[in-house]
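Colleague: Fold the following.
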Amino acid sequence: MPSPEAHVAPRSARPAPPPLVSGGLPVIGHGMAFGKDPLGFLRTCQRQYGDVFTIRFPQGQRTFLLDPLDHPAYFKNRDMSFAEVGAEIGGRAFGYTLEDARRGDMEEISHQVNVYMKGEPLQVMSERMQQKLVERLRELPVGVWREDTLHRWANEFIFAAGTDALFGEGVYSEALKQAYTTVDKNFAFLAMGVPAKLIPPWARAQRALGDLVTKKGPHHAELFDIRHEHLRKLGMLDFIGPFDAGLMWAAQANTVSAAFWTMLYILRDRRARAEILDEVRGISGGGDLLSPAGAVFSRHDLKNMVKLESAVTEMNRLTTAPMVPRRALKDTTLELRSGTYRFDAGHDLALFPPTTHLDPEIYDDPYDFRFDRFLPDSSGAPARFFKDGQRVHFNLLPFGAGVSMCPGRFFAINEFKIAVAVLLSCFDIELLTTFVPKQDVSRTGFGTLPPMDDVPFRYRRRA
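Modeller: Residues are numbered from 1 along each chain as shown. Next up, the predicted model:
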């Protein structure tokens, strides 16, 4: 990679737009090359054009900013917004228009999510998730080895428990799971602008998912009562289904794959497994978490799982590939390390966190899983990371940043912690292969990359 000095552009009286990457195909531009190997393609562009450049997608041009030391300037610019980009993506996937989103006051809906997916409401949902997971696992016989695969196991147990914790007792069903899976499978295509009419199964699944999540069960999250009252006042009750289906996707889309990677990495690392198990047993008191009197993790308990938290963070560093988009609301400029650039109103920009997450200057041996990489120091201060002698403040962006951060991130992290804690504490577990599957890059831009193949394991409930 060229040195930072090689990227410095000459200053001019009137800032110029970033360089446009040459080549590409008619209509789809660089979409095919990007889709085949997003990280490799962007790094190739970076070597040729520097840290700031524009590529062409089917839905238009987008400028990437790949220097993590430029990220503070990106987030501070008030002439750029995520709202319209997010509403467009959500609308394509869940069946509402940009005008519907504006009418529904997405800023207020976002505020509601930020309030009711944290603090005490979050703890209530987390305890419900643990309760539902334990209920399912308690049905397994003691001392009997069962063979399964990690991703399928997470998809059966964690997804079901998380759905009932959010939407209420009994909302999870095979019909909901099938509808959700179809929507999720096609999400990336819809978000990129592929017309919904070209994906007939999606339209049916989207309607079915919206209908199913509209019917809340007992003990559903308080957030939905607040949201539904807001939509009722606006005369938009017909949008409960699409908006709630969108929230379900935001809270659950990456949970199964992230839980898979977390368990796989920990099970492959003998020291990580032993130290995390000791930590969990110390917090839970060493009792049987599957017994009716088993410990339910409090907010304090979950916060004190610092080794498990570090392992989850390290998993996110290795497996997430979000984009952090913004759109220029008016003509604006950005002063970056390589120069000052001009962006016309309506221009789309993005960060691509994997270029930071896997930067060897920021992280030693960036492709290795080190469960303790993010442990706080002896004073309790968080781990710090540097590039070119400067601290990288946005060194990790698995959930995006600012207003575009995933609204379900706290619940998702608690789900990972609870699932790993219960599984390690209550079961003997053996991986049946040393194989580590490749990541499915077709989900690039939307969080955790799923595995291309599943991993067999066996487990038995301890007496």
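
Colleague: and Arg317, that's in a helix?
Modeller: Yes: the assignment for Arg317 by DSSP: H, G, I helix; E, B strand; the rest coil puts it in a helix.

Colleague: For Arg384, see how far away it is.
Modeller: Distance check for Arg317 against Arg384: by C-beta to C-beta, to the nearest Å, it reads 15 Å. For the C-beta atoms, the positions are set from N, CA and C on the backbone; glycine is no exception.

Colleague: Compare these two and say which one has the larger neighbour count.
Modeller: Ranked by neighbour count (other C-beta atoms under 10 Å), Arg317 and Arg384 place Arg317 first, with 24 against 10.

Colleague: ok, the more buried one - contacts?
Modeller: His357, Leu358, Tyr363, Arg373, Leu396, Pro398 (C-beta atoms under 8 Å, 6 or more residues apart in numbering).

Colleague: which ones among those residues are found in helices?
Modeller: Secondary structure from DSSP state H places His357 of the contacts of Arg317 in helices.

Colleague: Most neighbours among the contacts of Arg317, which one is it?
Modeller: Ranking the contacts of Arg317 using other C-beta under 10 Å puts Pro398 first, with 27 neighbours.

Colleague: Report the contact partners of it.
Modeller: Counting by C-beta under 8 Å, 6+ apart, Pro398 has contacts Asn316, Arg317, Thr320, Pro322, Pro353, His357, Gly447, Thr448.

Colleague: just to revisit the earlier point, which among the contacts of Arg317 gets closest to Leu166?
Modeller: Pro398 (20.4 Å; C-beta to C-beta).

Colleague: beta partners of the closest one?
Modeller: Assessed by DSSP bridges, Pro398 has beta-bridge partners Gly400.

Colleague: thinking again about what came up before, which of the contacts of Arg317 lies closest to Arg273?
Modeller: Arg373 (16.1 Å).

Colleague: Pull up the per-residue confidence for that closest one.
Modeller: pLDDT, Arg373: 97.

Colleague: Nearest residue to it in space, ignoring adjacent ones along the chain?
Modeller: Leaving aside its sequence neighbours, Arg373 sits nearest to Glu314 (C-beta to C-beta, 6 or more residues apart in numbering; 5.2 Å).

Colleague: same deal with Glu127?
Modeller: Val296 (5.4 Å).

Colleague: re the thing from before, quick check: of the contacts of Pro398, which lies closest to Leu223?
Modeller: Distances from Leu223 to these, taken by C-beta to C-beta, are shortest for Gly447, at 20.3 Å.

Colleague: My read is that the closest one contacts Gln252, right?
Modeller: No: the pair Gly447 / Gln252 is not scored as a contact, 10.7 Å apart, by C-beta atoms under 8 Å.

Colleague: Just say helix, strand or coil for Ile55.
Modeller: Strictly by three-state DSSP, Ile55 counts as strand.

Colleague: got the contact list for it?
Modeller: Leu20, Val21, Gly24, Gly29, His30, Phe34, Cys45, Gln61, Arg62, Phe64.

Colleague: Let me know the helix or strand that the residue nearest to Arg373 is in.
Modeller: helix 306-319 (DSSP states H and E).

Colleague: I'd like the next helix or strand past that helix.
Modeller: Past helix 306-319, the next helix or strand by DSSP H and E is strand 324-328.

Colleague: Give me the contact list for the host helix or strand of Glu84.
Modeller: Per DSSP H and E, Glu84 falls inside helix 83-94. Contacts with helix 83-94, where a contact means C-beta under 8 Å, 6+ apart, come from 96-98, 100-102, 106-107, 183, 187, 190-191, 193, 196, 206, 210, 242-243, 245-246, 249, 325-327, 348, 403-404.

Colleague: burial count for Leu432?
Modeller: There are 12 residues near Leu432, going by other C-beta under 10 Å.

Colleague: Gly447 and Gln252 - which one has more neighbours?
Modeller: More neighbours surround Gly447 than the other of Gly447 and Gln252, with 25 against 20 (other C-beta under 10 Å).

Colleague: Ignoring the adjacent residues along the chain, who's closest to that one?
Modeller: Gly447 sits nearest to Asn254 (C-beta to C-beta, 6+ apart), 3.9 Å away.

Colleague: Arg128 too?
Modeller: Counting by C-beta to C-beta, 6+ apart, the residue nearest Arg128 is Ala165, at 4.0 Å.

Colleague: Show the contacting residues for that neighbour.
Modeller: Per C-beta under 8 Å, 6+ apart, neighbours of Ala165: Met125, Ser126, Arg128, Met129, Lys132, Ala221.

Colleague: what about it, which SS state?
Modeller: helix.

Colleague: For His442, list the residues it contacts.
Modeller: In this structure residue 442 is Ser, not His. By C-beta under 8 Å, 6+ apart, Ser442 lies in contact with Gly35, Ala188.

Colleague: about what we covered before: check which residues of the helix holding Glu314 are buried.
Modeller: Within helix 306-319, the residues scored as buried using 16 or more other C-beta atoms under 10 Å are 307-319.

Colleague: Please put the alpha-carbon coordinates of it into PDB.
Modeller: Only the C-alpha atoms of helix 306-319 are listed here, as PDB (Å, rounded to 0.1, in the frame of the first residue of the first chain):
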ATOM      1  CA  VAL A 306     -15.400  -9.000  29.900                       C
ATOM      2  CA  LYS A 307     -13.500 -11.900  28.400                       C
ATOM      3  CA  LEU A 308     -16.600 -13.100  26.500                       C
ATOM      4  CA  GLU A 309     -17.200  -9.400  25.500                       C
ATOM      5  CA  SER A 310     -13.700  -9.200  24.100                       C
ATOM      6  CA  ALA A 311     -14.200 -12.500  22.200                       C
ATOM      7  CA  VAL A 312     -17.500 -11.200  20.700                       C
ATOM      8  CA  THR A 313     -15.800  -8.000  19.700                       C
ATOM      9  CA  GLU A 314     -12.900  -9.900  18.100                       C
ATOM     10  CA  MET A 315     -15.400 -12.000  16.200                       C
ATOM     11  CA  ASN A 316     -17.100  -8.900  14.900                       C
ATOM     12  CA  ARG A 317     -13.800  -7.500  13.800                       C
ATOM     13  CA  LEU A 318     -13.100 -10.600  11.700                       C
ATOM     14  CA  THR A 319     -16.500 -11.300  10.200                       C
END
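
Colleague: Thanks a lot, see you next time.
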